[in-house]
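J.: Got a sequence here, can you build the structure:
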Amino acid sequence: MSASSADPQDGMTQREEAVLARLDAVSEAIPRVLRRHPDLVRSIADQQELKPGERFVDAATLRTEALLIADDACEASARGQDGDAQVRRGLRRIKYRVVGALVLDDVEGGPAVVPHVTAVLSDLADALVDGALRYADRQLATRHGRPSWNESGGFVVVAMGKHGGRELNYSSDIDLIFVAEHHEGVTDGADPIPASQYADRLSSSIANILAERTEDGFCFRVDLLLRPDGRAGTPTSSLAAAEQYYLCWGRTWERAAWLKARPCAGDLSLGEQLMERLRPFRYRRSLDYGMLEDIGAMRDRIAAAARADQARLDLKTGPGGIRELEFLVQAQQLIWAGRRPVVRESGTLAAIGRLQEHDLLPEGVEGKALSEAYLFLRALEHRVQWAQEAQTQSLPADDDEAAWFRLAHCFGLEPVAGVARVKELLGETRAVVEGAWRMLMSGRGGEASPSPVMDQRVISSRSGDYTAALDPFATPEERRRSLETLGFSDVADAERRLVGMARLGESRRMSEVAWRRFEQVAPSLLRLTASSAAPNAALARLESFVSRAGARATTYALLQENPAVMDTLVRLFASSEFLSERLIAHPELLDALVLRGQGGEVQPRDVEALWDELKADLARRGDEAGALSTLRTFHTVELLRIGLSDLASSLPDPGTPHPWLTDLAKACVRGAHAIASDALRDRYGPLVPGSDLSTPDPLAVVGMGSLGSNWMTYGSDLDLVFLYGGAPDQGGSGLDVDPRTWANRWSQRLITALTVLTREGRCYEVDMRLRPDGSAGQIVVPLTGFRAYHRDRGRPWERLALCRSSLVASQDRAFAEEVNEALVELRHLGVDAGRIAVAESQHMRSRQRAELAPEKPGTYDLKLGDGGLVDIEFAVACVQVTRPAGHPVCRLADPVAAIECLRADGWLDEQFAEQLCGGYSFLRSVESQLRLRSGRGADRLVFPSPAADAVARALDLGAASELERLVVDWRNQLRVATAHVFDGVDSGR
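T.: Model prediction:
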């Protein structure tokens, strides 16, 4: 940057201009700020004339200077001036004066001065934090008074990470934890507030003063994520709360973070008290399997991140990088610090020395070589960060000559030869670290290097992008970059979901065991999610599932032990909103996915097999509440089985779940029938004196619509009609219960058994509007009354609806046969009456199509639209009611079976039969896949849309445009075919 671009430096001496020129050569950001403050440039120039050891003031002097700035700003605020701006300006002036001089020393000194540089930067951060605390505390106290904390202040700031270890970078965040003596009571001012609120406001104000970017730059970015409960926690913890959290809930990675902790500002005596209370957590004397497992998992995450795409260019996370080296040291400290106090060093270099001195490094790892590697990597990291004062560890691309020339110059080397030398040193350094890392990975060195205990299938499936996204130490930028690389279209949403899952552990909704189990399977879950058909949707549902599963450690153990279940689970979340909603609501049913070792994808069973299982399950539950729970669990598990098999294309007829869903519904109705009958027997005794549960009742359930015709789909309601055939008037318990009252109460309990919402959910919605007289009619109808209604008063469309009816449940075989015959009989109207009924029904169907299924280009109602499913069902029913009595087609409730019968009979031409059967099956398959993927009640297919894309993929059609073409083509053919059917009915064929 040229001097003419700012011009506050007009009148600078050559000496001062030379200082700016030297800074310009290595950084753009730092001299840009200094040009606004010529006096700071002058101060830096003065320092350069001193001997190296005399150039920097000590930590105490820096702290005093920052506190004086805070006091002056408070006084200015009291005079009505802008104290906020003044304190920010003053603290930033200290920062850039120190950093500007430090960069010049760093250029001259190279790796050898890294310990001095990081210590000065850490002292600088301490001073600025203390200054921000002084100003924020006094401003709050002026307005609200102070809490009843001790005379030393009662509020401490704990430095974590590199700041705590006095190893701060030029562009590091400072990781801080705020702790107050207590949160009791209120402040003592004229406008009192709770002590906890005072502490939180104080914490937020400190962070804002330091991190806000102004025209004078910024002090330090502030990260508060290491606080108790992480993102879910309050900005400030009380001393007691912090102690309780870490001793009861602290995880191994938090223990690793606290190895570097150091009180840095505020009430330092309170800080020492905190450190003493947390000593059992920081330095654990005994190791257990869980802690070794955690260390292994942390190591594996770092190893995987180092092998991610582009990781070679990252000094921090890449192979042989800073993170590998630091963790190698921390791992040994986690293991040994509880029993060997001598290794309790917060700084990496000091810890390496102690570990080497006491022979506690992994076998074959030399402490001197490791220290030299650390110094070079940190020196190179500093030079990468100088350019833009950015929080980065990214090396330039190999072909970015200008950037590499700048780095070489920052080491005081000539461009071409210097670049070669820097790259040579980097390669040698990484080789040293990678060699040490291999020792750690191999488990050599006995207890000091725990071998991985995780399932090798899980470890081998990881890559750096997955672990960077999940790493609790990753920066937001690193996490977003990894999520983008993984293929998440909405990176912000994906990050929010990951944060949501992290909060489950931070907010203590998971036990330590559960959280550890989850951390072990999380990388594989994220890998599968990222490679799924819908990564963002799958991740959103995974977050909901984990939130509901909560503290169930067995859930995550089950996933870890069954990789196929993990794959199935994520495929379900990515592909089916319908199934996801049910599993998320009941995560305890995950074990259903392990059935027969096939991830839950099992061949469905017919109604008799299902009923046998359900009947046995119900027999083991004593009361009605238990029976309702059993019925719902049975329904959800079987629905998951069918749906997962459908998603895997492993149904006997792929893409056609309808017969299996219908059999499931029939089994559930039988179960509800039994529950209702048992409940009434318990209350009134058997309807027939002396009978028991094996005595059948003259009651029956008739299924209409999709249930009656064997074409149930996902989310279908049950259209039911209840019939009874009369019974003795006297109940077996001495109670007068007439058959109609008994039957009505039975039907109401049966409906309740299917529909009532319990903790396990509900089975089905029930629609009774197809009974005689519709919503105004009796819930239970005598069979004789049912016959009479349809013969004498029923509307034409009601007779047509009977063409898709069948018996679903009855405990009386003779009555069941009577009901079946009645349904067949009532389907026949004769030719003349049938034609009248057809004409009236056609008019009603036209109105229905216009009023209930209006369509526009790109939108298709699969059910009610022109050429849709209802048109085919209606056309077939019109033929059935006009056939002669006793015709075989009148016994068929399935429209496809009826079409086949009419083809065999010669009534329907081969071409039109093929069109009707093929079109009906195709539209039903599209409907079922749409509902499976989009949720209950989805009958409208819209192009373009994610749902249309998903259905096209499910049907192996490729692009959604091909699906739309087929929908349009089939509906055109069906219009022609149904018109041909109606012509035949009109002509009396």
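J.: what's near enough to touch Phe104?
T.: No Phe there; residue 104 is Leu. By Cβ atoms under 8 Å, 6 or more residues apart in numbering, the residues touching Leu104 are 19, 22-23, 44, 48. No exception for glycine: its C-beta is placed from N, CA and C like everyone else's.
J.: Go ahead and build a ChimeraX selection from the buried members of the residues you listed.
T.: Restricted to buried positions by 16 or more other Cβ atoms under 10 Å, the ChimeraX selection for these reads:
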select :19,22,23,44,48
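J.: Show me which of the contacts of Leu104 is closest to Leu957.
T.: Nearest to Leu957 among the contacts of Leu104: Leu23, at 63.0 Å, using Cβ to Cβ.
J.: What score does the closest one have for pLDDT?
T.: pLDDT recorded at Leu23 is 90.
J.: can you check the one 5 residues further on too?
T.: You'll see Glu28 listed with a pLDDT of 87.
J.: Then Ala979?
T.: At Ala979, pLDDT is 91.
J.: Would you mark the buried spots in the helix or strand containing it?
T.: Using DSSP states H and E, Ala979 maps to helix 960-987. Residues of helix 960-987 classed as buried: 960, 963-964, 966-967, 970-971, 973-975, 977-978, 980-982, 984-985 (neighbour count, 16+ other Cβ under 10 Å).
J.: Next up, the contacts around Ala125.
T.: By Cβ under 8 Å, 6+ apart, the neighbours of Ala125 are 159, 163, 168, 174, 219-220, 264.
J.: you'd agree it is in a helix?
T.: Yes: according to DSSP: H, G, I helix; E, B strand; the rest coil, Ala125 belongs to a helix.
J.: Tell me how far it lies from Ser629.
T.: Separation of Ala125 from Ser629 (Cβ to Cβ, to the nearest Å): 58 Å.
J.: Pick out the residue nearest the middle of the protein.
T.: For the chain, the residue nearest the mean C-alpha position is Glu543 (2.4 Å; Cα atoms, centre = their mean).
J.: Show the pLDDT at that one.
T.: 92.
J.: How about Leu247?
T.: pLDDT at Leu247 comes out at 88.
J.: Same check on Val968?
T.: So Val968 comes in at 96 (pLDDT).
J.: With Met439 instead?
T.: 82.
J.: Which of the contacts of Ala125 fall in helices?
T.: His163 (DSSP state H).
J.: Which of the contacts of Ala125 sits closest to Ala893?
T.: Looking across those and measuring by Cβ to Cβ, the closest to Ala893 is Ile174, at 73.4 Å.
J.: so that closest one makes contact with Gly165?
T.: No: with contacts counted by Cβ atoms under 8 Å, Ile174 stays clear of Gly165, the gap being 11.8 Å.
J.: More neighbours: those two, which one.
T.: When Ile174 and Gly165 are compared for neighbours, Ile174 comes out ahead with 28 against 23, by other Cβ atoms under 10 Å.
J.: beta partners of that one?
T.: Val222 (DSSP bridges).
J.: give me every residue that touches it.
T.: 125, 129, 159, 161, 163, 168, 210, 220-223.
J.: can you check Ala369 too?
T.: So Ala369 contacts Val432 (Cβ under 8 Å, 6+ apart).
J.: That one sits in which helix or strand?
T.: helix 367-386.
J.: name the helices or strands packed onto the next helix or strand after that helix?
T.: Along the chain past helix 367-386, the next helix or strand (assigned with DSSP H and E) turns out to be helix 401-410. Applying 3 or more Cβ pairs under 8 Å, 6 or more residues apart in numbering; DSSP states H and E, one finds that helix 401-410 contacts helix 367-386, helix 415-442.
J.: hang on, the earlier thing: can you list the neighbours in contact with the helix or strand hosting the residue nearest to the centre of the chain?
T.: Assigned by DSSP H and E, Glu543 belongs to helix 535-549. Applying Cβ under 8 Å, 6+ apart, the contact partners of helix 535-549 are 486-490, 493-494, 497-498, 500-501, 504, 518, 525-526, 529, 532, 555-556, 569-570, 573-574, 577, 580, 583-585, 587, 590.
J.: Just the CA atoms of that helix, as CSV, please.
T.: Backbone C-alpha positions of helix 535-549 (Å, rounded to 0.1, in the frame of the first residue of the first chain) are rendered in CSV as follows:
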residue,chain,number,x,y,z
PRO,A,535,-28.6,-34.2,2.1
ASN,A,536,-30.3,-31.2,3.7
ALA,A,537,-33.6,-33.0,4.3
ALA,A,538,-31.9,-36.1,5.7
LEU,A,539,-29.8,-34.0,8.1
ALA,A,540,-32.8,-32.1,9.3
ARG,A,541,-34.7,-35.3,10.0
LEU,A,542,-31.5,-36.8,11.6
GLU,A,543,-31.4,-33.9,14.0
SER,A,544,-35.1,-34.4,14.9
PHE,A,545,-34.5,-38.1,15.5
VAL,A,546,-31.4,-37.5,17.7
SER,A,547,-33.4,-34.9,19.6
ARG,A,548,-36.2,-37.3,20.3
ALA,A,549,-33.9,-40.3,20.9
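J.: what about Leu720, is that helix, strand or coil?
T.: From three-state DSSP, the assignment for Leu720 is strand.
J.: Any buried residues in stretch 330-346, and which?
T.: Buried-residue list, stretch 330-346, by 16+ other Cβ under 10 Å: 330-338, 340, 343-346.
J.: For the stretch 351-500 of the chain, which residues score under the pLDDT cut-off?
T.: 441-468, 471-475 (pLDDT under 70).
J.: and with 80 instead?
T.: 388-391, 440-479, 499 (pLDDT under 80).
J.: Helices along the stretch 601-750 of the chain, start to end?
T.: 607-619, 624-647, 658-684, 705-708, 739-755 (DSSP state H, counting those that start in this stretch).
J.: Rounded mean pLDDT for the last one, please.
T.: Spelled out, it's helix 739-755. pLDDT averaged over helix 739-755 gives 90.
J.: how far off helix 624-647 does it point, in degrees?
T.: 50 degrees (axes from the mean of the first three to the mean of the last three Cα atoms, to 10 degrees).
J.: Other residues contacting helix 739-755?
T.: 627-628, 631, 668-669, 671-673, 675-677, 679-680, 684, 687, 697, 699, 701, 718, 720, 722, 724, 726-729, 731, 762-766, 768, 778-780.
J.: re the thing from before, give the PyMOL command for selecting the buried subset of the contacts of helix 535-549.
T.: In PyMOL, a selection of the buried entries from the contacts of helix 535-549 looks like this (16+ other Cβ under 10 Å):
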select buried, resi 486+488+494+497+498+500+501+504+518+525+526+529+532+555+556+569+570+573+574+577+580+583+584+587+590
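J.: among the contacts of helix 535-549, which are in strands?
T.: If you go by DSSP state E, these have nothing in strands.
J.: for Ser237, phi and psi?
T.: Backbone torsions of Ser237, given as degrees, to the nearest 10, read phi -110, psi 150.
J.: if I look at it, how far off is Asp719?
T.: For Ser237 relative to Asp719 (Cβ to Cβ), the value is 59 Å.
J.: Neighbour count: those two, which is higher?
T.: In terms of neighbours (other Cβ under 10 Å), Ser237 is the more surrounded of Ser237 and Asp719; the figures are 25 against 21.
J.: how far away is the more buried one from His163?
T.: 18 Å.
J.: now swap in Arg791 and tell me
T.: Per Cβ to Cβ, Arg791 is found 89 Å from His163.
J.: Just the ones in strands from the contacts of Ala125, please.
T.: Using DSSP E, these in strands are 159, 174, 264.
J.: Next, report how far the host helix or strand of Glu914 is displaced from the centre of its chain.
T.: According to DSSP H and E, Glu914 maps onto helix 910-934. Distance of helix 910-934 from the chain centroid (Cα atoms, centre = their mean, to the nearest Å) equals 35 Å.
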